[in-house]
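> I need the structure of the sequence given here:
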Amino acid sequence: MNRRTILQAAAAAPLLATPGLLRAQEFTQPVRLIVPFNPGGTSDILARLIAPSLGQRIGQSVVVENRAGAGGNIGADLVAKSRPDGHAMVLLDISVLATNPHLFPRLPFDSLRDLAPVQMVVYAPYILAVNNQLPVQNAQELAAYAKANPGKLNAANSGTGTLTHLVAASLANAWGGEVTHVPYRGGAPALTALVTNEANFTMAGATQSQNFVVNNQMRGIAVTGAKRLAAVPNLPTFRELGWPEPDAGTWQGVLAQGNTPAPMIARLEQEIAKVLEEPNIVRRIGELGGEVRAEGAATFRRILTEQTESYGRIIRANNIRLE
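Down below sits the predicted model:
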């Protein structure tokens with residue numbers, strides 16, 4: 001083979017590879033978007049918000065399926081054990097993936113190995129709020145009250161080992177006050193407990209709690225995240241207060257089976273990012289108290305790894321176990 005023939009073959013190689021590469025990124029049947037929780041929660045709302053546009057972009061319908069149970073493990077395991085072809089994905093709060101390995105000793109999958117981060121979707125901060133009867137008006141007074149009244153404060157959370165529990169426990173440690181943690185079956189019942197004066201305070205996602213604060217059904221004290229919430233700008237951030245876990249919140253993202261080919265991951269990453277640029281979706285996410293965070297697979301994996309380590313430390317330090 002002469003030099004000219006070699007150069008011609010080299011030039012043609014990418015073109016020959018292109019059809020196979022395109023086929024690797026094609027969708028040949030409807031895509032299942034698993035939500036490992038009951039309908040109505042943040043993950044479910046987001047999945048149903050992005051599914052129609054994503055389906056249009058990939059040329060196949062995207063069907064949202066709720067597979068609730070075991071703290072999100074059932075739905076996540078379903079995708080972890082699916083075919084690695086991009087036709088099954090899971091959308092959930094990555095704190096679930098970060099905490100469950102420390103709470104379920106016999107977890108049937110490895111969240112860092114058996115699931116492949118595809119794309120971040122949204123970040124929504126947590127609001128720290130108290131019931132309107134508690135005699136505190138701001139963050140400093142709440143911390144002082146907790147320290148002066150050990151054991152008298154009870155904190156409603158969305159379940160033992162959830163991030164709402166872990167962040168409240170981390171705060172109590174920082175305040176130096178003993179707090180009683182009361183688990184409920186989800187964020188909505190925990191908020192109801194606060195509104196009805198059954199609980200003293202709670203950590204709750206802004207997507208669920210923002211309107212309660214705006215409508216004066218509970219008193220907002222502080223908010224996680226890098227900036228204050230536009231809807232309640234008087235609430236200082238955890239970072240401003242020097243409190244732990246300043247960036248805790250609802251980090252929602254989409255993951256595929258862990259061995260899904262890189263070209264398919266890249267295609268999904270790109271298409272979901274385009275969906276999240278649509279003005280109506282950006283607006284709706286803002287109305288829910290969140291913001292689009294389409295920062296890509298690599299950033300998603302980094303944040304998941306960091307949260308797995310961080311919340312593992314809190315769980316061990318507070319000896320938190322599922323009953």
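
> In the stretch 51-200 of the chain, where is pLDDT below threshold?
For the stretch 51-200 of the chain, no stretch is flagged by pLDDT under 70.

> 90 - rerun?
The stretch 51-200 of the chain contains residues with pLDDT under 90 at 70-71, 94-96, 105-106, 112, 158, 177, 185-188.

> Contacts for stretch 148-160 next, please.
For stretch 148-160, the external contacting residues (Cβ atoms under 8 Å, 6 or more residues apart in numbering) are 71, 145-146, 164-165, 168, 172, 177-187, 189-191, 193-194, 198-204, 320-323. C-beta coordinates here come from the backbone N, C-alpha and C atoms, glycine included.

> residue ranges for the helices of the chain, please.
Counting by DSSP state H, the chain has helices at residues 3-24, 42-58, 73-80, 94-103, 139-148, 163-175, 187-195, 206-214, 238-241, 262-275, 279-287, 296-317.

> So residue 253 is in contact with residue 119, correct?
Yes: counting by Cβ atoms under 8 Å, residue 253 does reach residue 119; the two are 6.5 Å apart.

> shared neighbours, these two?
Taking Cβ under 8 Å, 6+ apart as the criterion, residue 253 and residue 119 both touch residue 300.

> what's the closest non-adjacent residue to residue 37?
Excluding the flanking residues, the one nearest residue 37 by Cβ to Cβ, 6 or more residues apart in numbering is residue 68, at 5.1 Å.

> Against residue 100, how distant is that neighbour?
14 Å (Cβ to Cβ, to the nearest Å).

> So which of the two has more stuff around it?
Shown here are residue 68 and residue 100; by other Cβ atoms under 10 Å, residue 100 has more neighbours (21 against 15).

> and that one, what does it touch?
So residue 100 contacts 71-73, 107, 111 (Cβ under 8 Å, 6+ apart).

> before we move on, back to that, quick one, which of the contacts of stretch 148-160 are buried?
With neighbours counted by 16 or more other Cβ atoms under 10 Å, those contain buried members at 71, 145-146, 164-165, 168, 172, 177, 179, 181-184, 186-187, 190-191, 193-194, 199-204, 320.

> rewinding a little: who wins on neighbours among the contacts of residue 100?
Scoring these on neighbours with other Cβ under 10 Å, the highest-scoring entry is residue 111 at 24 neighbours.

> That one touches residue 102, doesn't it?
No: checked against Cβ under 8 Å, the pair residue 111 and residue 102 is beyond contact range at 10.9 Å.

> And the residue nearest the centre of the chain?
Central residue of the chain (Cα atoms, centre = their mean): residue 93, 2.4 Å from the mean position.

> Can you give me the neighbour number for residue 70?
Neighbourhood size, residue 70 [other Cβ under 10 Å]: 15.

> separation between it and residue 136?
37 Å.

> ditto for residue 287
29 Å.

> How about the contacts made by residue 320?
103, 160-161, 165-166, 169, 314.

> Closest to residue 226 out of those?
Closest to residue 226 out of the contacts of residue 320 is residue 166 (19.7 Å), distances taken as Cβ to Cβ.

> In contact with residue 299, which residues?
residue 120.

> How many residues are close by residue 69?
Each residue near residue 69 was counted by other Cβ under 10 Å, and the total is 13.

> again, but for residue 84
By the criterion of other Cβ under 10 Å, residue 84 has 15 neighbours.

> For the contacts of residue 320, could you give me TSV that also reports distance to residue 264?
Formatted as TSV, the contacts of residue 320 follow (distance: Cβ to Cβ, whole Å):
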residue	distance to residue 264
103	31
160	37
161	33
165	36
166	34
169	39
314	35
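
> Provide a ChimeraX selection command restricted to the buried entries of those residues.
This is the ChimeraX syntax for the buried subset of these, where burial follows 16+ other Cβ under 10 Å:
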select :103,160,161,165,166,169,314
